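# The sequence isn't on hand, but the structure is:
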């Protein structure tokens, strides 16, 4: 069995991700991150250029994971409800398996500098567009009622993203059970929504 050894950079990002989730980006200092790793504050800069660079790495890593796990499902040659179910399941899996990074990605990305924030906003919009497209496909095929794909995608993602704030691995429901219930709920809602 292969053993994964974290690099110092990975240790820094993981410690920062935990602190950003717990305290928020603005309330976490470079010194806090260094202390979490028993490092001198100055020695942290041998591995990272700034606190924002650490945030950028965490947010980018989360965005990459969402895109890699969910993006291909939107392209499947299957009916829209089946695609949407798989996308919801994959999204919940990322949120629950990478919970620290997911919370930082969902809430702290606004602290990025303007250019990086704009870049990440573009990635987030492109990701949401995957859900809009599949919902739109379902409307066109008659699998979903004639609802607004944009509002529906926003409602679904807002609800799924909320899981990051309350999910516990030792909770009553497993991540798989949660995703099954959310998928069933939204697929029923889309199929039964009143005609606009």
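Noted; the coordinates are in hand. Everything quoted here is computed from the prediction, not taken from an experiment.

# now residue 142: how far from residue 175?
Applying CB to CB, to the nearest Å, the value for residue 142 to residue 175 is 32 Å. Glycine gets a C-beta too; all of them are placed from N, C-alpha and C.

# All the helices of this protein, residue numbers only.
Taking DSSP state H, the helices of the chain run over residues 8-23, 30-36, 41-44, 51-74, 80-97, 99-107, 114-141, 149-166, 175-192.

# When residue 142 and residue 175 are compared, which one has more neighbours?
Comparing residue 142 with residue 175 by neighbour count (other CB atoms under 10 Å), the higher total belongs to residue 175, at 19 against 10.

# Okay, the nearest residue to that one once chain neighbours are set aside and residue 160: tell me how far apart.
Take residue 175 and drop its neighbours on the chain: the residue closest to it by CB to CB, 6 or more residues apart in numbering is residue 96, 3.9 Å away. Residue 96 sits at a distance of 10 Å from residue 160 (criterion: CB to CB).

# Within its local environment, how many residues does residue 161 see?
Each residue near residue 161 was counted by other CB under 10 Å, and the total is 17.

# I meant to write residue 185 there.
Per other CB under 10 Å, the neighbour tally for residue 185 reads 13.

# what does residue 168 give?
Taking other CB under 10 Å as the neighbour definition, residue 168 ends up with a count of 9.

# mind listing what the closest residue to residue 187 other than its chain neighbours touches?
Distances taken as CB to CB, 6+ apart place residue 81 nearest to residue 187, at 5.5 Å, with adjacent residues excluded. For residue 81, the contacting residues are 138, 143, 144, 187, 190, 191, by CB atoms under 8 Å, 6 or more residues apart in numbering.

# Now do the contacts for the third one.
When you say that, I think you mean residue 144. Contacts were defined as CB under 8 Å, 6+ apart; by that measure residue 144 touches 80, 81, 135, 138, 190, 191, 193.

# Now tell me what touches stretch 123-135 from outside.
For stretch 123-135, using CB under 8 Å, 6+ apart, the contacting residues are 63, 66-67, 70-71, 74, 80, 83-84, 87, 109, 144, 147, 149-150, 152-154, 156-157, 190.

# ok, of the residues you listed, which come out buried?
In terms of neighbour count (16 or more other CB atoms under 10 Å), the buried residues within those are 63, 66, 70, 74, 80, 83-84, 87, 109, 144, 147, 149, 152-153, 156-157, 190.
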